[in-house]
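>>> Coordinates for the following, if possible.
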Amino acid sequence: MPSNSVLEQKKAIVADLVEKIKKAQSGVLVQYQGITVDNDTKMRAAFRKAGVDYMVIKNTLIGRACDEVGYGAIKSQLNGMSAIAISYDDPVAPAKIAKEYADKVATFEIKGGFLDNAVVDANTVNALAEIPSKEVLIARFLGSIQGPIRGLAVGLQAIIDKANGGEAAAE
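Sure, this is the predicted structure:
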């Protein structure tokens, strides 16, 4: 039977994880087995740079924390060596970074996660990773609304030039 100090440590880990999950916009659960130290270091740096918390925690502790938050369905994804990446600002960031390393390392795989107060599967996380960044989406939107306005401006300028050209020829 575990000692009281070990139980208190585990309770503290679960309580901390519950608070992080409650504040999070999204989270991605991965199987980190087989990743090299070099790739792991680079991945952790990428997560930090994106403001994502990445933690390797026992499956039972992740499961208990998810139960408390209402993500009990995520327990079906908790097998093998698991790690969780949690984002508070950008819901796409953990999915993008995890997918980048899942594509590089054959044994590193995305298991699933949570988004918008719901548990999602690996396919949903992979689809989320394919979404362009917010800046790219804004640029595409502005480009799409700029085209018709530009066409109108060119058309109006052509009418003005034709009208001015016609007056010059009449004089």
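>>> quick one, phi/psi of the spatially most central residue of the chain?
Nearest residue to the geometric centre of the chain (C-alpha atoms, centre = their mean): residue 92, 2.0 Å. Per-residue torsions, residue 92: phi -90, psi -20 (degrees, to the nearest 10).
>>> got the contact list for it?
By C-beta atoms under 8 Å, 6 or more residues apart in numbering, residue 92 lies in contact with 26, 128, 129, 131, 133. In short, each C-beta sits where N, CA and C put it, glycine included.
>>> Narrow the residues you listed to those in strands?
residue 26 (DSSP state E).
>>> And the residue nearest to the centre of the chain, what's its pLDDT?
You'll see residue 92 listed with a pLDDT of 90.
>>> Repeat that for residue 115.
pLDDT, read off for residue 115, is 90.
>>> What of the one 3 residues further on?
According to the per-residue confidence, residue 118 scores 88 in pLDDT.
>>> same thing with residue 131?
If you check residue 131, the pLDDT there is 81.
>>> Check residue 148 too.
82.
>>> Give me the distance from the host helix or strand of it to the chain's centre.
Using DSSP states H and E, residue 148 maps to helix 134-170. On the basis of C-alpha atoms, centre = their mean, to the nearest Å, helix 134-170 is displaced by 38 Å from the centre of the chain it belongs to.
>>> doesn't residue 86 make contact with residue 98?
No: between residue 98 and residue 86 there is no contact under C-beta atoms under 8 Å: 11.5 Å.
>>> When the two are compared, which one has more neighbours?
Between residue 98 and residue 86, counted using other C-beta atoms under 10 Å, the more crowded position is residue 98 (31 against 22).
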